[in-house]
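[1] Next input, structure requested:
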Amino acid sequence: MITYPQTKQGDVVEEQFGETIADPYRWLENDVRSDKEVASWVESQNKVTNAYLDTLPSRDIFKERLKQLYNYERFTIPVKKGGRYFYFRNSGVQNQQVLYVRDSVDGAGRVLIDPNSWAKDGAIALVEWSASDDGTRLAYAVQDGGTDWRTIRVLDVNTGKILGDEVKWARFTTIEWAKDGSGFFYARSPEPKQDAASQASVENHAVYFHAIGKPQTQDRLVYATPDQPTMLHGLSITKDGRYVAIISSPGSLGEDLTVVDFQSADWKPRKLVANFENSWAIVGNVGTKFFFQTNKDAPRRKVVTMDIAAADPVVKDVVPEQDAVLSGASLVGGRLLLSYLVDVKTEVRRYMLDGKADGMVRLPGIGTAGGFEGGQDDKETFYGFTSYNAPGIIYRYDVASNTARVWSEAKVAIDLDQIAVEQRFYKSKDGTRVPMFIVRRKDVTDSAPTLLHAYGGFALSEPPAFSPDRLAWIEQGGVFAIAHIRGGNEYGKAWHDAGRRQNKQNVFDDFIAAGEYLKAQGITSRNGLAIDGASNGGILIGAVVNQRPDLFAAALAQVGVMDMLRFDKFTGGKLWVDEFGSVAQEADFRNLFNYSPYHNIQSGKAYPAILATTADADDRVIPGHSFKYVAALQAADIGLKPHLVRIETRAGHGAGKPVDKMIEETADMWAFAAHWTGLNVKPAK
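    Model prediction:
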């Protein structure tokens, strides 16, 4: 039996819509780096968790095997600028990817930036980057300790010298160079008050232009919405360099669309779409004729054009809505290359610019393809392909001939021919047909301990992808299953809408039905099911454990949003209102209160073993969510299985996390799940 640390209970009680709501652990929302009492609580919780994990012999086995599985050379899709090719490479278990450049497509690469030298703990990462059109300069963003804040610097590609430019407080941004290389566009939030950066709300986001050689104080404001402070602005520049397209959104519901013409002296923003009813993404342009992908009158998305030379541009269909979901679109070499999700698997279809079908891009198998970056005049592009049993392959693609050759191919320390991938469909509570992938060794045909994963939100899908983490579980004889539940984008806008706001219970029902299906089909045993989810998927894990604690043997809740009555109080939480609902509206409040993981723990019922994971520097979903949730679990009468929290230091929501931290965290989670599902973990031969 585990003795948990004593957690102080406060007397915070609030009334809302006639409900009396106690929040005894509100003090745990404070920043661990500035509140000594919270820091002491974290230290004591980690001590108990580590002591428990130390008793699991499979922890070290998983850790050593994960090191081997991660130790393979891998590349990202190269980006061509000025005849040079820029890309990330990791030689194996480097904590951070290294940025390389080649002067020709098959030439020798040279290191441009190696962030592994920036910090002893590997927790400072090179994240967003962009090369100027002539390939002579590179703007890159630095992330420290997992935060969403960025500092942008500039490098001379020829000499390797770092220039004096420094842009601070960039957040949720891409970097887009002006065609003449005079500077770049980026998005930022105001500088937060001293010591408040980790919990600063995402407000007053704005687009700026930074001129090379000038101080940030002289950066030119390009676009802002002070009357709508919660708006988030994404930006992209057209390949001809004339326009920047700005997609603005208050959350996940819809977007408006603005363009800025750089040939105009005043850079006056021009609104093309002024409502938030639909989503928009720029595909490319030919002069003033713009190609967009949108779900306007097309829940599965389509490609349309607007000629912005007109005073009132008309939206015209080019490639109408298809039988599958349009997930990506590029205008390269005089063709539209459109990626579709067909039951969560990628197909790439070619079209002429007038919408006439022009064949398919042949892919090596069932999986996920992406990339195809380029411009109207480019003859080549690159794309990557991956699947559960296929590590990253990058292809150089000739648009005119519709042929491809391998540019790089990863080789891993496991026989992937022994891994079986199967797609099945099951029925949810209301009869909805839900897809699920099942991955296991080909010789595993009887019931086996199973790890079930899902996300289910924000119109995000998780198509097939290679994962050393999951392979470490699978090769031990375990099963990995991923349920593509409602709330994602697997079947377009309708699938998303069916899992958000008042429909959120469908997400939980879909996941519970997946667990029941795995047991009914004999894929897993009665006590062999573990579940896993992160961020929005962390809500999922907390909610379904409360609703069906009998169904699961173990639960891994990663960086979850666990207090659904206060999610909008911190960092980017206000951006999630369109997804979850507003606590200030009674109908939404009651829905949120009904499933909020923190508020619905059922004392008197036996709960599965639970390991929550979070990080002290997570400024996307503050760690206070997990702290409060675990404190409430430990105080409840829910059985003798462990209910623990693992709190990483100098890490955030996930982006930029060093490889060694990822390996250690995964080893801890898999060892925990293996113990409680009965997976017999053996050392590698």
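[2] In this structure V38 contacts S44, no?
    No - using C-beta atoms under 8 Å, V38 makes no contact with S44, being 10.9 Å away. In short, each C-beta sits where N, CA and C put it, glycine included.
[3] Mind checking which of those two has more residues around it?
    V38 (20 against 14; other C-beta atoms under 10 Å).
[4] Next up, phi/psi of the more buried one, please.
    phi -70, psi -40 (degrees, to the nearest 10).
[5] How about the contacts made by it?
    W27, L28, N30, D31, V32, F627 (C-beta atoms under 8 Å, 6 or more residues apart in numbering).
[6] Now G604: phi and psi?
    Per degrees, to the nearest 10, the backbone of G604 is at phi 100, psi -10.
[7] how many other residues sit next to it?
    Using other C-beta under 10 Å, G604 has 8 neighbouring residues.
[8] Would you confirm that it contacts P549?
    No - applying C-beta under 8 Å as the test, G604 and P549 come out as separate, 10.6 Å apart.
[9] any shared contact partners between those two?
    I638.
[10] just checking, E665 touches A615?
    No - E665 lies out of contact with A615 (C-beta under 8 Å); the separation is 9.3 Å.
[11] list residues touching both of the two?
    E648.
[12] okay, these two: which has more neighbours?
    Per other C-beta under 10 Å, whichever of E665 and A615 has more neighbours is A615, with 27 against 19.
[13] so who does that one touch?
    Counted by C-beta under 8 Å, 6+ apart, A615 has contacts G146, V559, P623, I647, E648, T649, A651, G652, H653.
[14] same thing but 7 Å
    With contact set as C-beta atoms under 7 Å, 6 or more residues apart in numbering, A615 has these partners: G146, P623, I647, E648, A651, G652.
[15] Please apply the same query to T305.
    T305 neighbours (C-beta under 7 Å, 6+ apart): K289, F290, F291, K316, V318.
[16] Could you report the distance from it to L336?
    As judged by C-beta to C-beta, to the nearest Å, T305 and L336 stand 11 Å apart.
[17] Over to M669?
    Counting by C-beta to C-beta, the gap from M669 to L336 is 42 Å.
[18] tell me the SS of N116?
    Here N116 is recorded as helix under DSSP: H, G, I helix; E, B strand; the rest coil.
[19] Tell me the predicted confidence for it.
    Looking at N116, its pLDDT reads 96.
[20] what does S252 give?
    62.
[21] and if you look at A265?
    88.
[22] Can you classify it by secondary structure?
    coil.
[23] Contacts only, for it.
    No residues are in contact with A265 under the rule C-beta under 7 Å, 6+ apart.
[24] for S248, which residues make a bridge with it?
    According to DSSP bridges, the residues that bridge with S248 are H233, D256.
[25] and A448, how many residues sit next to it?
    Counted with other C-beta under 10 Å, A448 comes out at 22.
[26] For R441, see how far away it is.
    In terms of C-beta to C-beta, A448 sits 9 Å off from R441.
[27] Just give the nearest non-adjacent residue to L592, would you?
    Distances taken as C-beta to C-beta, 6 or more residues apart in numbering place M564 nearest to L592, at 4.2 Å, with adjacent residues excluded.
[28] T381 too?
    G374 (4.3 Å).
[29] Give the full set of residues in contact with that neighbour.
    S330, V332, G333, T381.
[30] could I get those as JSON lines with neighbour count and secondary structure?
    Shown next, in JSON lines, are the contacts of G374 (neighbours: other C-beta atoms under 10 Å; DSSP: H, G, I helix; E, B strand; the rest coil):
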{"residue": "S330", "neighbour count": "24", "secondary structure": "strand"}
{"residue": "V332", "neighbour count": "22", "secondary structure": "strand"}
{"residue": "G333", "neighbour count": "18", "secondary structure": "coil"}
{"residue": "T381", "neighbour count": "24", "secondary structure": "strand"}
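[31] In CSV: the residues you listed, plus distance to D358.
    Listed next are the contacts of G374 as CSV, based on distance: C-beta to C-beta, whole Å:
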residue, distance to D358
S330, 14
V332, 12
G333, 11
T381, 15
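[32] Which of these sits closest to N116?
    T381 (29.7 Å; C-beta to C-beta).
[33] how much space between that closest one and V399?
    From T381 to V399 the distance is 6 Å (C-beta to C-beta).
[34] cool, V105 as well?
    Counting by C-beta to C-beta, the gap from V105 to V399 is 15 Å.
[35] neighbour count winner among these two?
    Using other C-beta under 10 Å, the more surrounded residue of V105 and V399 is V399, with 20 against 14.
[36] D588 contacts G581, correct?
    Yes - using C-beta atoms under 7 Å, D588 is in contact with G581, at 3.0 Å.
[37] leaving aside the residues next to it on the chain, what's closest to V412?
    Nearest one to V412, counting by C-beta to C-beta, 6+ apart, is Y72 at 4.8 Å.
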